[in-house]
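K.L.:
Mind looking at a prediction? Sequence and model below.
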Amino acid sequence: MKLWQKIFLSSLILIILTVNIVSITLLNNSHRLIIEREQNHAINEHEHFKRDFINAIKSSDILFPNTDNIAEIAKNVINSQLNNQQIKFTVYTEEKSPVEKNITNGLNMMICYDFLDYINKSGEEYGIKIFTSDGKKIMIIGTAENIEDMIFYIVTTYDISEIYTLKEEQSNFVRQISIGASAVISLILLVMTIILLRPLKRLNIYTKVIADGEYNIRIKRKGSPEFCQLAENMNSMAQAVQSHAQKLENIAEARQTFIANLTHEMKTPLTSILGFADLLRIKKNISDSERMEYAGTIVEETKRLRSLSGKLMELIALGGTDMEKKPVSLPKLIIETNTSLTPLLDKNKVSLVCNYEDITFYADEELFKSLLYNIIENAVKASPIGEKIILNSAMYKGDAVITITDYGIGMKKEDIQKIFEPFYMVDKSRSRKAGGAGLGLALCAEIAKLHNAILEIDSKLGEGTTIFITISGDECI
């Protein structure tokens, strides 16, 4: 069953039940009030008859009243009240015999006997009951009176069949009105349900379109505030899905570029190694200088291939790295990195000048050392012989800032934006000669990201490059 059908049926049932319950309650309450009113009227008539009966006995000339005399007086009083067709009066002796057998208002004697027993047992001032006799509703009111040491039962019977007939007619009328009102309410409710749920239908259509891949679709905000809020949330969801899908496309494209570059970068050293190794195998008469040249080329290309594979594996491994940060002394880290770079610095005749403050921060020591090593290594490759590289570290505005400055070839603005991409090299021929593969700075970017550090570059072509590493003050001790 659809939502609009559930809402329609449940609302309709609830309305019909409410209307019927209210109608029946009002009808029963009205009937009860009418019965109470007629009961009070019957009691007044009963009291009036009882006073007439007692007064008739007192005003009689009978010196020694007995049952027969009092019964005769009761009969006369009853006959004087016969003009009232709705209310009948009867007097019963202690033996439950009526003084006037023809005045019973349609009640059979069994009902009368039961009612007289009820008067004796109830102990109340009035015995009041409603009986059904011969299709009529009869209200009976009775009292037991002690007259001249004799018990007489005074009984008033009141035909209230018209009240129950009226109730039945009213019930039928309410039933007919309920059926008609239900039909009208059903039509109105159906139209209102369709109109109110129309925005939901529109949202459902848009959802299907978005699910089919049209992530740029946005839902118009129409209808009630709830539907507007739902439309806004769905638009936010579509935006998030679109952004995520775009990221996945970018990742897929980046991976494809990465694999293409990897294939190309590995192909070059492998071709050189294979070529020179083949020359050593084929060429019979080879001089020592040629052999040294070929072997040297093979060694350099092998080193380059080893560096490429090592950095590539390190870059891939960073994606699943679960770091355990510990307090690390930055001066100690800089000194150890300088020591590791001494052979490279000496080989390129470049000096590293270090100025640092005593800073301790939380980091993975080996990873952060790799970050500094790769940045300084790139600076060395970009610097001419005899030049120097300056490394400074200090606290600035609550953060630890490390700057590495070289006075080498520098780079253009468009190169700065791409320098952290894997395999991107500003000067490919120079980088390959230096054994580079364009993975160093991409590796640095990942390490900085893992340490919540910011990596920035300021460079001018022909003047040099400065790399800023900003460590959040929250990571410092």
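P.N.:
Looks like it arrived, so ask away. Numbers count the residues shown, from 1 in each chain.

K.L.:
Could you tell me whether Asp358 really is in a helix?
P.N.:
No - according to DSSP: H, G, I helix; E, B strand; the rest coil, Asp358 belongs to no helix; its state is coil.

K.L.:
any idea how far Ser178 is from it?
P.N.:
90 Å (CB to CB, to the nearest Å). Quick note: C-beta positions are derived from backbone N, CA and C, even for glycine.

K.L.:
ok, those two, which is more surrounded?
P.N.:
Comparing Asp358 with Ser178 by other CB atoms under 10 Å, the one with more neighbours is Ser178, at 16 against 10.

K.L.:
element containing the more buried one?
P.N.:
Per DSSP states H and E: Ser178 is located in helix 161-196.

K.L.:
Okay, buried residues for that helix please.
P.N.:
Of all the residues in helix 161-196, those buried under the rule 16 or more other CB atoms under 10 Å are Ile163, Tyr164, Lys167, Val174, Ser178, Ala181, Ser182, Ile185, Ser186, Leu189, Thr193.

K.L.:
give the contact list for the first one.
P.N.:
Pointing back at Ile163 there. His31, Ile34, Ile35, Glu38, Lys137 (CB atoms under 8 Å, 6 or more residues apart in numbering).

K.L.:
Quick check: beta-bridge partners of Lys136?
P.N.:
Counting by DSSP bridges, Lys136 is bridged to Ser133.

K.L.:
And it, what's its pLDDT?
P.N.:
On the pLDDT scale, Lys136 is placed at 84.

K.L.:
ok, it to His46 distance?
P.N.:
From Lys136 to His46 the distance is 19 Å (CB to CB).

K.L.:
hmm, back to that, narrow the contacts of Ile163 to those that are buried.
P.N.:
His31, Ile34, Ile35, Glu38, Lys137.

K.L.:
Stretch 21-39: which residues count as buried?
P.N.:
Ser23, His31, Ile34, Ile35, Glu38, Gln39.

K.L.:
Can you list the helices and strands that whatever helix or strand Ala252 lives in packs against?
P.N.:
Ala252 belongs to helix 225-282 when assigned by DSSP H and E. The elements that helix 225-282 packs onto, with contact taken as 3 or more CB pairs under 8 Å, 6 or more residues apart in numbering; DSSP states H and E, are helix 198-211, helix 288-318.

K.L.:
Select from those helices the stretch with the lowest mean pLDDT.
P.N.:
helix 288-318 (a mean of 71).

K.L.:
backbone phi and psi for Tyr407, please?
P.N.:
phi -120, psi 50 (degrees, to the nearest 10).

K.L.:
got a pLDDT number for it?
P.N.:
Taking Tyr407 on its own, its pLDDT is 92.

K.L.:
Can you report how many residues lie near it?
P.N.:
Tyr407: 18 neighbours (other CB under 10 Å).

K.L.:
And the one helix or strand Val22 maps to, how far out from the chain middle?
P.N.:
Using DSSP H and E, the element containing Val22 is helix 3-58. Helix 3-58 sits 49 Å away from the centroid of its parent chain (CA atoms, centre = their mean, to the nearest Å).

K.L.:
repeat for stretch 389-401
P.N.:
47 Å.

K.L.:
With stretch 86-100 instead?
P.N.:
So, by CA atoms, centre = their mean, the centroid of stretch 86-100 is 76 Å from its chain's centroid.

K.L.:
Buried residues, that stretch. List them.
P.N.:
Using 16+ other CB under 10 Å as the test for burial, stretch 86-100 gives Ile87, Lys88, Phe89, Thr90, Val91, Tyr92, Thr93, Pro98, Val99, Glu100.

K.L.:
Then stretch 127-147?
P.N.:
For stretch 127-147, the neighbour count (16+ other CB under 10 Å) marks 127-128, 131, 133, 137-144, 147 as buried.
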